[in-house]
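Novice: generate a structure from the sequence data that follows.
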Amino acid sequence: MNAVAPLSDAETSRGGGVPVVLFPHAGGSPRFFLHWTGVIPEARLFGVTYPGRDTRLHERHRDNPHGDSLVGLARSVADDLAAAGLAEAAPVLVGHSMGALVAYETAAALAARGARGMRVVVSGQNPPSHGVGTALHRDTDETLIADIVRQNPASADLWQVPELRDMFLPVVREDYRLLETYACTGAVVPDIHVVFGDRDDEVDPVRIGEWNSFSAERRAPVRCAGGHFYPQAPDTQLPELIRTICAGADACAAHGGVRR
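Specialist: Below you'll find the predicted structure:
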């Protein structure tokens, strides 16, 4: 199953525009970004679906559908982007939380193949200079769910439904495994824009600038208003920033490094 597909039917019917490829958080799917449709008219939006959810729901029954590592997952997405003809179209790769690391490693894989002009937007994620430092994927269901709800209180009701819990928790556990065992390649990619919520307790505002070590361009991080899940509907701060990137502008310069 191809991991990359147009975000919506509206995107399928559109032609031209900068390809913007969206990488969701752990446990997430491209549906998280559906409210972006129409916000970036300069772009064609594509979503990355990880194994075991949405159109890839059937894969949760396979042996190790996630693969051995986050880097391996990223390289498989790079394969799909190349097969779709998007790798050579100077895409903007946008990842939130875990998706930021997958987007970065996907860019690294594409750059190693000679792709040029890519830009990466990493949102709500510390730089990969240090490990995550947790091993919740090995912990109890209750402990794992508590961490999910801590980061996204809006998800609390879902985990109270036994059928949904049984369906989705193994997938989220595998996402946590990829994140918590991630070994960064250390690659330098052409251009990284860093964005985070000004009330995001998951991000270290002191370390966040270390993303510049992985980018050929040096840019100041951009702060948006909100917590870890600041990009969720109906908020459009992040796609508005991406619109300036698609237009060739420096988002940080355009917004003075801060969104309010």
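
Novice: going by C-alpha atoms from here, please, whenever you check contacts or count neighbours.
Specialist: Will do.

Novice: which element is His193 on?
Specialist: Following DSSP states H and E, one finds His193 within strand 192-197.

Novice: ignore the last one, Ala103
Specialist: helix 98-112.

Novice: partner strands of the helix or strand following that helix and their direction?
Specialist: The helix or strand immediately downstream of helix 98-112 is strand 119-123, counting by DSSP H and E. Sheet partners assigned to strand 119-123 using DSSP bridges are listed as strand 92-96 (parallel), strand 192-197 (parallel).

Novice: what residue ranges in the stretch 1-150 of the chain score low on pLDDT?
Specialist: 1, 12-15, 60-61, 63, 65, 133 (pLDDT under 70).

Novice: now the helices for it?
Specialist: Ranges of helices in the stretch 1-150 of the chain, per DSSP state H, counting those that start in this stretch, are 9-12, 70-83, 98-112, 141-151.

Novice: and the longest helix for the chain?
Specialist: The residue-count maximum for a helix in the chain (DSSP state H) belongs to helix 162-180.

Novice: returning to what we had before: give me whichever of the helices of the stretch 1-150 of the chain is most buried.
Specialist: helix 98-112 (a mean of 25; mean count of other CA atoms under 10 Å).

Novice: what lies in contact with that helix?
Specialist: Helix 98-112 has contacts (CA atoms under 8 Å, 6 or more residues apart in numbering) with 23-26, 70-71, 73-75, 77-78, 87, 93-95, 118, 120-125, 128, 179, 184-185, 187-189.

Novice: export the strands paired with strand 119-123 to a markdown table and tack on mean neighbour count and distance to Ala225?
Specialist: Formatted as a markdown table, these follow (neighbours: other CA atoms under 10 Å; distance: least, CA to CA, whole Å):
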| stretch | mean neighbour count | distance to Ala225 |
| --- | --- | --- |
| strand 92-96 | 25 | 15 |
| strand 192-197 | 26 | 5 |
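
Novice: who wins for proximity to Gly47 among those strands?
Specialist: Smallest distance to Gly47 across the strands paired with strand 119-123 (CA to CA): 9.6 Å, for strand 92-96.
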